[in-house]
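Enquirer: one predicted model, sequence on top.
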Amino acid sequence: MTPRVYTAIKYYFLNALQTQLIITIAAMPVLIAWGMGTSLMTFVGNIFFTPLLGVFLMLSSMLFFTELMGIPNGILVSLLEQLTTSWDTVLSYGQPSWLFTCAHPGVWPLAIGVIVALWCIQHHRLNTAFKKIICMTVIVAIMGGGLWLFTLYRQHSLRNTVTVFDRPGKREALQGWLTLATLDGRRCIVDNGFYARKKSADHAVLFELRPYLITTMGTAEIDSLIITKPSLGSFQAATALCTYCGVKTLFIAYTKASVCKHAWKVFYDLAHFAKTHGITLRRVYLPATKLTSLDATALAKKCLAGHEK
């Protein structure tokens, strides 16, 4: 390797690492506020896949223009297929455990980190890329450690809490509610018709409940889900919760209410998904009387203890 090539590679990695650190510090407040996670492999992925993205765009452009001009492009097609296949193969090794999520500590703690990073970049003593990288690495480490400690504190403070969403009011017959019970650190959701009135239950889980869980507790993991009023929306929500929130045990009550055929199809798909992913699915009997939030908490305790009611 010639000195010129070595210098070019060195400057590329230094600039890529510096850019990635700046993007991480600037994007962290937005991601945390939206309840989104940060991949621990972001640095490696952006540094090594950026050149591949350039090659992919170049081959795609050449293929487009050769098609317009009627020039034989079999070699370009083969190269593009090989690159795409290799890219998909590498991406298939991704793991959900690489995703780092944390609770939202507030606007000012995150804003201070961004302000300090911007001040360090403009400081006259940090006049080399290596010094800036060291400084921003320290800032990212401090922010990550602080967020991790705050998430542990938030989870400890919410070990025994009950949160009720959309408590029934004047239109009690038309309303449904959702209870989130955190008992000794284990989380259980009781769906008492909450998702039955949602137009898109899976989107409600993905864009409403999941971000709320992450920003509040630092994680979207749910141990148990109890469905007291089976319906199409509740089955769709259960599928989304099992997929995105890692539900381990699913309790579905028997019902005498009429349920459409499409809802039962979604239920059987849910049962198949639960079987293939090691999720325990149980049918339970519930009393015919109205289920209050206190009853839901008691039911959550029984289900988390491994009993059926």
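Expert: Here it is on my side, so go on. Quantities reported herein were computed from a predicted structural model and do not represent experimental measurements.
Enquirer: please make it C-alpha for all contacts and neighbour counts, starting now.
Expert: Fine.
Enquirer: and Ile189, what element?
Expert: With secondary structure defined by DSSP states H and E, Ile189 is part of strand 186-192.
Enquirer: which residues does that strand contact?
Expert: Identification of contacts with strand 186-192 by C-alpha atoms under 8 Å, 6 or more residues apart in numbering yields 159, 176-182, 221-229, 234, 291, 296, 300, 304.
Enquirer: could you redo the last one with a cut-off of 6 Å?
Expert: With contact meaning C-alpha atoms under 6 Å, 6 or more residues apart in numbering, strand 186-192 is reached by 176-181, 222-229.
Enquirer: list the buried residues of that strand.
Expert: Taking 16 or more other C-alpha atoms under 10 Å as the neighbour-count basis, strand 186-192 is seen to contain the buried residues 187-192.
Enquirer: check what pLDDT Trp34 gets.
Expert: Per-residue pLDDT puts Trp34 at 89.
Enquirer: what's the neighbour count on it?
Expert: By other C-alpha atoms under 10 Å, the residues close to Trp34 number 15.
Enquirer: pLDDT averaged over stretch 266-282 - what is it?
Expert: The predicted confidence, averaged over stretch 266-282, sits at 91.
Enquirer: in JSON lines: the buried residues of strand 186-192, plus pLDDT and distance to Gly35.
Expert: Output for the buried residues of strand 186-192, formatted as JSON lines (pLDDT from 0 to 100; distance: C-alpha to C-alpha, whole Å):
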{"residue": "Arg187", "pLDDT": "88", "distance to Gly35": "18"}
{"residue": "Cys188", "pLDDT": "88", "distance to Gly35": "19"}
{"residue": "Ile189", "pLDDT": "90", "distance to Gly35": "19"}
{"residue": "Val190", "pLDDT": "88", "distance to Gly35": "22"}
{"residue": "Asp191", "pLDDT": "88", "distance to Gly35": "22"}
{"residue": "Asn192", "pLDDT": "84", "distance to Gly35": "25"}
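Enquirer: show me what counts as buried in the helix or strand Pro51 falls within.
Expert: Under the assignment given by DSSP H and E, the secondary-structure element containing Pro51 is helix 42-69. For helix 42-69, a neighbour-count test (16+ other C-alpha under 10 Å) marks 46-47, 56, 59, 63 as buried.
Enquirer: show me how far that helix is from its chain's centre.
Expert: Here the centre of mass of C-alpha atoms in helix 42-69, compared against the chain's by C-alpha atoms, centre = their mean, to the nearest Å, lies 28 Å away.
Enquirer: re earlier: now, which of the buried residues of strand 186-192 sits nearest Pro96?
Expert: Comparing the buried residues of strand 186-192 against Pro96 with C-alpha to C-alpha picks out Arg187 as the nearest, at 19.5 Å.
Enquirer: now that closest one, which residues is it bridged with?
Expert: Taking DSSP bridges, one obtains Thr182 as the residues bridged to Arg187.
Enquirer: what are the ranges of the strands in the stretch 101-250 of the chain?
Expert: Under the criterion DSSP state E, counting those that start in this stretch, the stretch 101-250 of the chain contains strands at 160-165, 177-183, 186-192, 224-227, 249-253.
Enquirer: ok, for Leu158, nearest residue in space, not its chain neighbours?
Expert: The spatial neighbour of Leu158 that comes closest, neighbours along the chain excluded (C-alpha to C-alpha, 6 or more residues apart in numbering), is Thr182 at 6.8 Å.
Enquirer: for the one you found, grab the count of nearby residues.
Expert: Under the criterion other C-alpha under 10 Å, the count of neighbours that Thr182 has is 22.
Enquirer: same question for Asn127.
Expert: The criterion is other C-alpha under 10 Å. On that basis, Asn127 has 11 neighbouring residues.
Enquirer: now it: how far from Cys135?
Expert: Look at Asn127 and Cys135: by C-alpha to C-alpha, to the nearest Å, they are 12 Å apart.
Enquirer: same deal with Ile112?
Expert: If you measure Ile112 against Cys135 using C-alpha to C-alpha, the figure is 15 Å.
Enquirer: where does pLDDT dip in the protein?
Expert: Low-confidence regions of the chain, defined by pLDDT under 70, span residues 1, 166-176, 287-297, 303-309.
Enquirer: let's have the buried residues of helix 42-69 in CSV, adding distance to Gln20.
Expert: Formatted as CSV, the buried residues of helix 42-69 follow (distance: C-alpha to C-alpha, whole Å):
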residue, distance to Gln20
Asn46, 8
Ile47, 8
Phe56, 21
Leu59, 26
Leu63, 31
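Enquirer: out of these, who's nearest Ile279?
Expert: Checking the buried residues of helix 42-69 against Ile279 with C-alpha to C-alpha, the nearest one is Asn46 at 34.7 Å.
Enquirer: on that earlier part again, and the next helix or strand past the helix holding Pro51?
Expert: Stepping forward along the backbone from helix 42-69, the first helix or strand reached (DSSP H and E) is helix 74-91.
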